[in-house]
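K.L.:
Got a predicted structure plus its sequence, pasted below:
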Amino acid sequence: MIQAYIFDWGDTLMVDFPEAQGKMCHWLKVAAVDGAQEALAVLSKTAKIYAATGAADSTEQEIKLAFERAELSQFISGYFCQENVGFTKGSAEFMPTILSRINHPLNSIVMVGDNIEKDIKPALSAGIQAIWFAPDLNTGKCLNNENGEFKSIKHLLALCH
C-alpha cells in the first residue's frame, strides 16, 4: 500500500509558464496542471503528499504560497527544495535526504514527475517506485523503459485507479 507520494512541482502539479519570470509565487498567473486538484484530493485521503522541486531560487514558504494560490496546498504535507534539503534536485543526495525525513518504508513511497533524469532515475536509484507523468507521450517523446522499471501516465487522475 502506498503511504506517501512525492510529486515534482513544475509541469507535474503546477503549470510552468515559459514566459513567466521570477518566483512562481509572484507570477501574475498560476495554475494547477489539469487533474491535479482532483487527484490530490483522492490520494491525500490514504497517503501523505509531498512536493519536491529543483526551483533553486524559491524558499519553502514561497513554494507553499504558490501552491496556496493554485488551491493545492491543503493536500501537501511537506515541501522539499534546495533551501531546506541542502542539495540540488538531481544530485545523488537530494532524494535520499527527502526519504530520510518523511520516514516511510521505501516500498510504500512513489515519486511522480515529468522528467526522467531529475525525477524518475533518482527515485529508482533511491529504491522507491516511480511514475513518469507524460501527458504528451504520443508526440514523439522517447520512453527509455525497456525493463519496465517504471510506469507512465498521461493524466494525473490515472493515479487514482
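P.N.:
That came through fine. Residues are numbered from 1 along each chain as shown.

K.L.:
CA atoms for contacts and neighbours, from now on please.
P.N.:
Will do.

K.L.:
how many other residues sit next to T88?
P.N.:
T88 sits with 17 neighbouring residues when counted by other Cα atoms under 10 Å.

K.L.:
Not counting residues beside it along the chain, what's closest to it?
P.N.:
Nearest-residue entry for T88: Q82, 5.2 Å, with adjacent residues in sequence omitted and distances by Cα to Cα, 6 or more residues apart in numbering.

K.L.:
Disregarding residues adjacent in the polypeptide, which is nearest to Y79?
P.N.:
A51 (4.8 Å).

K.L.:
Was I right to think that neighbour contacts A4?
P.N.:
No. Using Cα atoms under 8 Å, A51 makes no contact with A4, being 10.7 Å away.

K.L.:
okay, and the common contacts of those two?
P.N.:
Both A51 and A4 lack any common contact, where contact means Cα atoms under 8 Å, 6 or more residues apart in numbering.

K.L.:
Leaving aside the residues adjacent along the chain, what's closest to A47?
P.N.:
Nearest one to A47, counting by Cα to Cα, 6+ apart, is Q3 at 4.5 Å.

K.L.:
ok, so what distance separates that neighbour from L156?
P.N.:
17 Å (Cα to Cα, to the nearest Å).

K.L.:
who has more neighbours, these two?
P.N.:
The neighbour comparison of Q3 against L156 (other Cα under 10 Å) goes to L156, with 21 against 17.

K.L.:
Which residues are in contact with the more buried one?
P.N.:
Contacts of L156 by Cα under 8 Å, 6+ apart are 34-36, 39, 133.

K.L.:
next one: K121
P.N.:
Neighbours of K121 in contact, by Cα under 8 Å, 6+ apart: none.

K.L.:
mind checking which helix or strand it is in?
P.N.:
Taking DSSP states H and E as the definition, one finds K121 inside helix 121-125.

K.L.:
same check, this time on T97
P.N.:
Going by DSSP H and E, T97 is part of helix 94-102.

K.L.:
all strands for the chain, in order.
P.N.:
Here the chain has its strands, by DSSP state E, at 4-8, 48-52, 78-80, 109-113, 129-133, 151-153.

K.L.:
What helices and strands are in contact with the second one?
P.N.:
Read it as strand 48-52. Under the contact criterion of 3 or more Cα pairs under 8 Å, 6 or more residues apart in numbering; DSSP states H and E, strand 48-52 touches strand 4-8, strand 78-80.
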